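[1] how would this look folded up:
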Amino acid sequence: MSAPRKAHARPEASLPTTETGTSPSPIMFLTVGVAALGTLLYAGFLLDPSHRGDLLPYTMVIIAETVLVAQAFFGMWTILSGGHNPRDFAYFRAKDALYRVDAQHEQRPPHLWPTQIDGHGVGVDIFITTYGEDLDVIRGTVRAALKVRGSHTTWVLDDGHSDAVRDLAAAEGARYVRRLTSGGAKAGNINHALTLAKGEFFAVFDADFVPSPGFLEETLPFFHDANLAFVQTPQSYGNLRTTIARGAGYMQAVFYRFIQPGRNRFNAAFCVGTNVIFRREAVEDVDGIYTGSKSEDVWTSLMMHEAGWKSVFIPDVLAVGEAPETIEAYSKQQLRWATGGFEILFNRNPFRRDVRLTLEQRVQYLVTATFYLTGIAPLILLMLPPMDIFFDLQPMTLETSALTWFMYYAGFYALQILFAWYTLGSFRWQTLTLAAVSFPIYVKALVNALRGKDVGWQATGTTKGGSPFNFIVPQVLIFVFLALTSVVGITRDLGNGSLSLATAWNVTNTIILATFLVAAAREGRQLSTPVSARKKVAPPTRTVVARPTERAFAPVWGHGTATLEKESS
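    Presented below is the predicted three-dimensional model:
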């Protein structure tokens, strides 16, 4: 690994900059404060020795809730750090001078306007990574990339070895790249393209993310800072047609609206693999895009931050793509992401002495590496009611009433839901359902990371189209177990003449899993329907827009025959 990077000496380094921006609103502070208070009260309730019940279930509660409480606290801390605006005086000056105006400027189409930074012309490449996506999807992205304002070269990086994609690129006027092998997956694909493309900067888009014409205008000016490695923009989705797509889309909304902007404060915003533009020099400084993990994006970010490079996240929607629509696609996506996070935890723990990060960066990367433990916590909590019903093992003492437990429990979870409702604009039951039932994915990811197992790589939008139940066998088995446990619990409570908290909790968990299985059955019926029939009844497309915290609006544009409309919140 290269030595820590020294700051570049730049002529304009002494120029004043203006750090403007919008701090979190008073309502946001109030919401976070109330949620934090509820979290503290719940933590105090759990840790009170007088409330301690049987050792095994109590230990399980402490482990699960410690993960959830810690992630909640650090998430709120990051959100409240989000008043930093990376668009300073130097940025706007660079943006004003982005295009090199000459006698022929007005005669050129916008995608041929020469770009410059600090008065020097720069070359830009746009990479579209493909791996078996539908041709219509690729075509739409290629056409949009070619129309991006500012002189650039568009490349189609085809790891699917498709002659049809090659012909498509040629017909549209983009350059086409095919490797002999697929080593290193997406990271290897990009690294190979860098041996051919020679621009000082390169943007990366997955094949299903359609860039805005103004992508370069909004991102390139940041590179007036010679120490900046990349600018990341949000993932926003235009295909929220299914329960899975809506749940997956809304699940990331808070991250892109509030968490990533907050990470700017600590120079810890990381790449998410698409809708991003890199400085080539920075990538070469860390020996290319990281190929040792299928989560090459966050690993490459970590390498760059260790080498002393900077990153910027802007919350403006500059590309619209597709969220996973099926259980298969969602499961594979989450497995890949979670495995990459756990790999950082075990292979390059941010708090290792040899990791060269600031304290704030260490904290942020540790939060990233442990985030998917929150997906395993529901499995632990699901097992508590059956332990009470079958073995009379209780996490809290018998002296603790159900009402007292509920008040503290609701003080944490209800306020977290309230906080999510405020940030998203409304309550999203799909997100809550997915969060509660995805534990088998994260358990598998944890095991994969511990074993060093390669999870493989597959584009989010490409699936084999099998039955969704092939991917949720653990959820089906646990649903059957919880349903039978509910019958036992209800029978027991009828004999006792009162409803117990364990039974009520278990029935609730059973209903949540049942809701997910109903969605899986609906998906199975849709997959068995011919594609032509499905297209006829497809509902209107909607877009999850990452609400900008520093600009008055975010652009959303039409794509093909479907109009992507901003969803009101």
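[2] C-alpha from now on. contacts and neighbour counts both.
    Noted.
[3] What segments of the stretch 251-400 of the chain are helices?
    260-263, 280-285, 296-306, 327-347, 359-370, 377-382, 384-391 (DSSP state H, counting those that start in this stretch).
[4] Can you give me the buried ones in the longest one?
    What it means is helix 327-347. Across helix 327-347, burial judged by 16 or more other Cα atoms under 10 Å covers 327-345.
[5] Just give me the longest helix of the chain.
    Ranked by residue count under DSSP state H, the longest helix found in the chain is helix 501-527.
[6] What angle do helix 384-391 and that helix make with each other?
    Angle, helix 501-527 to helix 384-391, by axes from the mean of the first three to the mean of the last three Cα atoms, to 10 degrees: 120 degrees.
[7] Could you check the angle helix 501-527 makes with helix 327-347?
    Going by the same axes, to 10 degrees, helix 501-527 makes 120 degrees with helix 327-347.
[8] Pipe the helices of the stretch 251-400 of the chain into a markdown table and attach mean pLDDT and distance to Val177 per row.
    Formatted as a markdown table, these follow (pLDDT from 0 to 100; distance: least, Cα to Cα, whole Å):
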| stretch | mean pLDDT | distance to Val177 |
| --- | --- | --- |
| helix 260-263 | 93 | 32 |
| helix 280-285 | 98 | 18 |
| helix 296-306 | 96 | 20 |
| helix 327-347 | 93 | 25 |
| helix 359-370 | 96 | 33 |
| helix 377-382 | 94 | 43 |
| helix 384-391 | 95 | 54 |
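[9] Mind checking these for the one nearest to Ile511?
    Nearest to Ile511 among the helices of the stretch 251-400 of the chain is helix 377-382; the distance by Cα to Cα comes to 12.2 Å.
[10] now the closest one, how far from the chain's geometric center?
    The chain centroid and the centroid of helix 377-382 are separated by 22 Å, computed with Cα atoms, centre = their mean, to the nearest Å.
[11] which other residues reach stretch 436-445?
    Contacting residues not belonging to stretch 436-445 are listed as 331, 334-336, 338-339, 342, 372-373, 375-379, 474-475, 512-513, 516 [Cα atoms under 8 Å, 6 or more residues apart in numbering].
[12] Next, find the distance separating Leu194 from Ala203.
    Remark: distance between Leu194 and Ala203 (Cα to Cα, to the nearest Å) = 11 Å.
[13] List the contacts of the residue lying closest to Gly340 once chain neighbours are set aside.
    Excluding its sequence neighbours, the residue lying closest to Gly340 (Cα to Cα, 6 or more residues apart in numbering) is Ser295, at 4.8 Å. Counting by Cα under 8 Å, 6+ apart, Ser295 touches 336-337, 339-341.
[14] picking that back up, what would the helices of the stretch 251-400 of the chain look like in TSV with distance to Phe479?
    Below are the helices of the stretch 251-400 of the chain laid out as TSV (distance: least, Cα to Cα, whole Å):
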stretch	distance to Phe479
helix 260-263	35
helix 280-285	47
helix 296-306	34
helix 327-347	17
helix 359-370	27
helix 377-382	10
helix 384-391	12
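[15] From what I see, Lys147 and Pro109 are in contact.
    No. Applying Cα atoms under 8 Å as the test, Lys147 and Pro109 come out as separate, 9.0 Å apart.
[16] So between the two, which is more surrounded?
    Shown here are Lys147 and Pro109; by other Cα atoms under 10 Å, Lys147 has more neighbours (20 against 12).
[17] which ones are touching that one?
    110-111, 213.
[18] so what's the residue nearest to Asn349 when sequence neighbours are not counted up against?
    Of all residues not flanking Asn349 in the chain, Leu366 sits nearest, at 7.2 Å (Cα to Cα, 6+ apart). Leu366 makes contact with 345, 349-351, according to Cα under 8 Å, 6+ apart.
[19] of those residues, closest to Ile259?
    Closest to Ile259, out of all of these and judged by Cα to Cα, is Pro350, at 18.5 Å.
[20] Any regions of the chain where pLDDT drops low?
    1-24, 102-106, 398-406, 409-411, 413, 415-428, 455-465, 530-569 (pLDDT under 70).
[21] at 50 what do you get?
    1-22, 535-569 (pLDDT under 50).
[22] now the strands for it?
    Counting by DSSP state E, the segments of the chain that form strands are 116-117, 120-121, 124-130, 153-158, 175-177, 201-206, 210-211, 228-232, 236-237, 276-279, 310-313, 319-321, 542-543, 565-566.
[23] re earlier: just send the contacts of Ser295 back as CSV, with distance to Ile117 too.
    Formatted as CSV, these follow (distance: Cα to Cα, whole Å):
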residue, distance to Ile117
Arg336, 37
Trp337, 35
Thr339, 38
Gly340, 35
Gly341, 35
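[24] which one of these sits closest to Phe270?
    Gly341 (12.2 Å).
[25] Give me the neighbour count for the closest residue to that closest one other than its chain neighbours.
    Closest residue to Gly341 apart from its sequence neighbours, by Cα to Cα, 6+ apart: Ala369 at 4.3 Å. Around Ala369 there are 23 other residues, counting by other Cα under 10 Å.
[26] Could you point out which of the strands of the chain sits nearest Pro221?
    strand 116-117 (6.9 Å).
[27] Give me the contacts around the closest one.
    Residues from elsewhere that reach strand 116-117 (Cα under 8 Å, 6+ apart): 94, 97-100, 122, 221, 223-224.
[28] pretty sure Thr130 contacts Val156?
    Yes. Using Cα under 8 Å, Thr130 is in contact with Val156, at 7.2 Å.
[29] At the geometric centre of this protein, which residue sits there?
    Gln252 (5.1 Å; Cα atoms, centre = their mean).
[30] quick one, which residue of this protein lies the farthest from its center?
    Max distance from the centre of the chain (Cα atoms, centre = their mean): Gly495, 48.0 Å.
[31] Could I get the contacting residues of Phe127?
    154-157, 190, 202-205.
[32] Go again with 7 Å.
    Counting by Cα atoms under 7 Å, 6 or more residues apart in numbering, Phe127 touches 154-157, 202-205.
[33] returning to that earlier point: check the contact between the residue nearest to Gly341 and Leu345; I expect there is one.
    Yes. Between Ala369 and Leu345 there is a contact at 5.2 Å, judged by Cα atoms under 7 Å.
[34] Identify the contacts common to those two.
    By Cα under 7 Å, 6+ apart, no residue touches both Ala369 and Leu345.
[35] Quote the end-to-end distance of stretch 193-206.
    End-to-end distance of stretch 193-206: 14 Å, with Cα to Cα as the criterion.
[36] Same question for stretch 350-357.
    Length of stretch 350-357, first residue to last, Cα to Cα: 8 Å.
[37] can you pull the buried residues of it?
    350-351, 356-357.
[38] what's around Phe201, how many residues?
    23.
[39] how close does Thr115 get to Phe313?
    Thr115 sits 21 Å away from Phe313 when distances are taken as Cα to Cα.
[40] Nearest to Gly83 among the strands of the chain would be which one?
    It's strand 310-313; of those, that one is closest to Gly83 (Cα to Cα) at 12.7 Å.
[41] partners of that closest one in the sheet?
    strand 228-232 (parallel) (DSSP bridges).
[42] Residues touching the partner strand, excluding its own?
    Residues contacting strand 228-232 (Cα under 7 Å, 6+ apart): 219, 271, 275-279, 282, 309-314.
[43] just the buried members of those residues?
    The neighbour count (16+ other Cα under 10 Å) marks 219, 271, 275-279, 282, 309-314 as buried among the contacts of strand 228-232.
[44] Give me the neighbour count for the nearest residue in space to Pro350 that is not next to it in sequence.
    Setting aside the residues directly before and after it, Pro350 is nearest to Arg362 in space (Cα to Cα, 6+ apart), at 5.0 Å. Using other Cα under 10 Å, the number of residues around Arg362 comes to 20.
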